[in-house]
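>>> requesting a structural model of the entry that follows:
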Amino acid sequence: MSADVLKASTGRDWDGWFVLLDAWGAIERGHTEIARHLTDDLGVDGWYAQSITVGYEQERGLREVGQSSQGDWQASGNRTVEAPVARCEAAFTDADVRRRWLPGSEFSLRTHREGKTLSADYAGGRLSVRFTPKGGAKTQVSLEHTKLADAEAVAAYKAFWKERLAALKTLLEK
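Residues are numbered from 1 along each chain as shown. Below you'll find the predicted structure:
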């Protein structure tokens, strides 16, 4: 997020937030405590509080891009598809359909909340997928691939999921 967008939305740019958080002693505090301070004490909207917290942690060397506050590595992606939720969901749950856009047989479904979310083991990590109806027959498919090995794996899977979600979109919009 640009400094201008952040300032327009929160009243401070990145440098302003970093100075304020340094003065509060954020460098000695955990992710949850920083985010809670931003929302509860400073009135920052939850989404911006998370963005500011992550940005602060990355700027101060407390975590790298792609690294969670717990220290594990994760990549994410999303794509809006012109298909209903059930069809998007079937692209993950039906092995025959899944093979047409997602290579490999290492996909193992763990949990499934029909019409909402699913999780699976995939490629040595954990895949969490959310399906969000976008009106009509459109669905936003958002995924997070966690438990990755390192920053290199994050970069590789970001590119991989961008390509695979494009393939999913092409398949479902035929």
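>>> what is the mean pLDDT for the longest helix along the chain?
When the chain is parsed with DSSP state H, its longest helix is helix 151-172. Throughout helix 151-172, pLDDT has a mean value of 94.
>>> and stretch 52-59, by the same measure?
Stretch 52-59 comes out at a mean pLDDT of 92.
>>> touching that stretch from outside, list them.
Residues outside stretch 52-59 that contact it (Cβ atoms under 8 Å, 6 or more residues apart in numbering) are 1, 6, 10, 14, 17-18, 21, 26, 31, 34-35, 38, 44, 62-65, 69. C-beta: built from backbone N, CA, C; applies to glycine.
>>> mind listing which of the residues you listed are in helices?
6, 10, 14, 17-18, 21, 31, 34-35.
>>> quick one: which of these has the most company?
Most neighbours among the ones in helices among the contacts of stretch 52-59, by other Cβ atoms under 10 Å: residue 17, with 26 neighbours.
>>> got the contact list for that residue?
Going by Cβ under 8 Å, 6+ apart, the list of residues near residue 17 reads 6, 10, 52, 55-56.
>>> now do residue 73: how many residues are near it, please.
For residue 73, using other Cβ under 10 Å, the count is 21.
>>> report the contact partners of it.
Residue 73 neighbours (Cβ under 8 Å, 6+ apart): 66-67, 146-151, 153-154.
>>> run the last query once more with 7 Å
66-67, 148-151, 153-154 (Cβ atoms under 7 Å, 6 or more residues apart in numbering).
>>> thinking again about what came up before, now the two most distant members of the contacts of residue 17.
10 and 56 (12.8 Å; Cβ to Cβ).
>>> and the residue located most distally from the centre of the chain, how far from residue 61?
Ranked by distance from the centre of the chain (Cα atoms, centre = their mean), the top residue is residue 23, with 29.5 Å. Distance of residue 23 to residue 61, computed by Cβ to Cβ, to the nearest Å: 18 Å.
>>> that concludes my questions; thank you for your assistance.
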